[in-house]
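Q: what would the 3D arrangement of this be:
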Amino acid sequence: MHETYFFEQQDGSRIAYNILEPQKPDDIKKTPLVLITGIYGVKEIFMGLKEELAKNQKVIVFDHRGMGESSVVSPYDPISLDLMAQDTIALIKHLGIKRFNLLGWSLGGIIAIHVASNLPLDLELEKLIICASQVQSLVPSYGECLYNLPKPPDGPKNIQEQKDKFMRTCNETFIDYMVKHPDIFDKYAEIYVTSNRPFEIFKRQWEAIKESNILSKSKTINVSTLLIHGEDDELVPIENSKLLAREIANSKFISIPKAGHTFWFGAPESITFINEFLST
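A: Next comes the predicted model:
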């Protein structure tokens, strides 16, 4: 387990974060990488990915306001993409970082676009990585159906029930990987069963996505950008990343064969692609 630190935003929200230090002393000098997680997610969902990336550079990962170990003044207050981007920038400044790389997954990719398109003059974004992120015109129906429920759905009550749900809903590569790594499967399922993921915060996050215009912001990005998407993504169609790649001028698009939404499980080449992009 990584130690959790906190800092408080001006509105009283408290943001929780972890810092993973690189294994080699020389890598401490490398540009740090900030990871932004997805909708309804917590920082622990990056298990496996964050540890592998931290072998080559410092990695910072945090919980969105109201999710996981982060808090919010009221779960019913509006949450915009600009506000979540401000949380990201505030964390970077809190840590005294001036130059950084940014990786956003799912909702995190949309937030990363907001950060990159409106970066303060005293910060420098070196490279941007957007993974499995959706755009407004291609919003997946699953999130909308979940949002329209009058109350939170009855979810798995224990680790085994959560594992059974994954076996029913996730793609074949994810399932094969988890079957071969039962300890990881248990830990990953435990995250979903035990972490603090309020339904009302999810609803505010979904409203933020629907109100955004990602394509117009993506056209303003000129930093070197890598887009990664699993070909068998069961939540966000790969066409989303293809569309973003056409809008972002200085970008490279890589599809990961047979990978699902959590593309790094069962697709170690995706981590290689990320490290190669960051090191060139």
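
Q: can you give me the strands in the stretch 51-200 of the chain?
A: Along the stretch 51-200 of the chain, counting by DSSP state E, counting those that start in this stretch, strands occupy 59-62, 99-105, 124-131.

Q: residue 194: neighbour count?
A: Residue 194: 13 surrounding residues under other Cβ atoms under 10 Å. In short, each C-beta sits where N, CA and C put it, glycine included.

Q: circling back to that earlier point, deepest of the strands of the stretch 51-200 of the chain, which one?
A: strand 59-62 (a mean of 25; mean count of other Cβ atoms under 10 Å).

Q: for residue 235, which of the strands of the stretch 51-200 of the chain is the nearest?
A: strand 99-105 (11.3 Å; Cβ to Cβ).

Q: got the contact list for that closest one?
A: 31-38, 46, 53, 57, 88, 92, 110-113, 115-116, 123-133, 274, 278 (Cβ atoms under 8 Å, 6 or more residues apart in numbering).

Q: now it: mean pLDDT?
A: Summarised as a single mean, pLDDT over strand 99-105 is 98.

Q: strands paired with that strand, and their directions?
A: Strand 99-105 pairs in its sheet with strand 33-36 (parallel), strand 124-131 (parallel), by DSSP bridges.

Q: chain neighbours aside, what residue packs nearest to residue 62?
A: Closest residue to residue 62 apart from its sequence neighbours, by Cβ to Cβ, 6 or more residues apart in numbering: residue 17 at 3.7 Å.

Q: Three-state assignment for that neighbour, please.
A: strand (DSSP: H, G, I helix; E, B strand; the rest coil).

Q: that one reaches residue 59, doesn't it?
A: No - under the criterion of Cβ atoms under 8 Å, residue 17 makes no contact with residue 59, lying 10.6 Å away.

Q: what touches both of these two?
A: With Cβ under 8 Å, 6+ apart, residue 17 and residue 59 have no common neighbours.

Q: check contacts around the nearest residue to residue 80 once chain neighbours are set aside.
A: What sits nearest to residue 80 in space, not counting adjacent residues and going by Cβ to Cβ, 6+ apart, is residue 208, at 5.2 Å. Neighbouring residues of residue 208 by Cβ under 8 Å, 6+ apart: 78, 79, 80, 81, 83, 84.
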